[in-house]
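Student: need a structure here:
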Amino acid sequence: MAKVWLAAHERKLTKAQLLQTSIVRSTQAIVEQDEAPLALRLSGQLLLGVVRIYSRKARYLLDDCNEALMKIKLVLPIPLGPAATYFLPLCVVCFIILVVQAIKLGGSIGIPAGQC
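Tutor: As a prediction, this is how the structure comes out:
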């Protein structure tokens, strides 16, 4: 809850701290109080912190996806003509499926570190 409070009051949190914060657990901790309920203003401030953390996590994800897309564009040849519209999105989807399957299996995707 400390990280959520700091995010609500616009304190600087590192990327590692943000990524370690669970949105689900933080929200459940705010909503499901075993002891006395939180004041409405306090719960509102904490939920604002959760929203700010979620927003930064989404921004980090977007940045990572854009970086991956740029690397895919550098590696794969882009055909010219009407097929170009469908080729790159199809390659991106195949790459994402490959990564998800590798993560589920607990392995790597087989790309050397220097090439990606």
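Student: tell me which stretches of the chain form helices.
Tutor: Secondary structure of the chain by DSSP state H: the helices cover 2-8, 15-20, 23-31, 40-75, 84-105.
Student: how about those in CSV, adding mean neighbour count and mean pLDDT?
Tutor: For glycine as for every other residue, the C-beta is placed from the backbone atoms N, C-alpha and C. Listed next are those as CSV, based on neighbours: other Cβ atoms under 10 Å; pLDDT from 0 to 100:
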stretch, mean neighbour count, mean pLDDT
helix 2-8, 18, 84
helix 15-20, 12, 86
helix 23-31, 14, 87
helix 40-75, 14, 85
helix 84-105, 12, 66
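Student: distance of the residue nearest to V31 when sequence neighbours are not counted from R25?
Tutor: Distance criterion Cβ to Cβ, 6 or more residues apart in numbering; nearest residue to V31, sequence neighbours excluded, is S43 at 7.9 Å. Applying Cβ to Cβ, to the nearest Å, the value for S43 to R25 is 15 Å.
Student: how about Y60?
Tutor: Look at Y60 and R25: by Cβ to Cβ, they are 19 Å apart.
Student: how about V93?
Tutor: Where R25 is concerned, V93 sits at a distance of 31 Å (Cβ to Cβ).
Student: no further questions, thank you.
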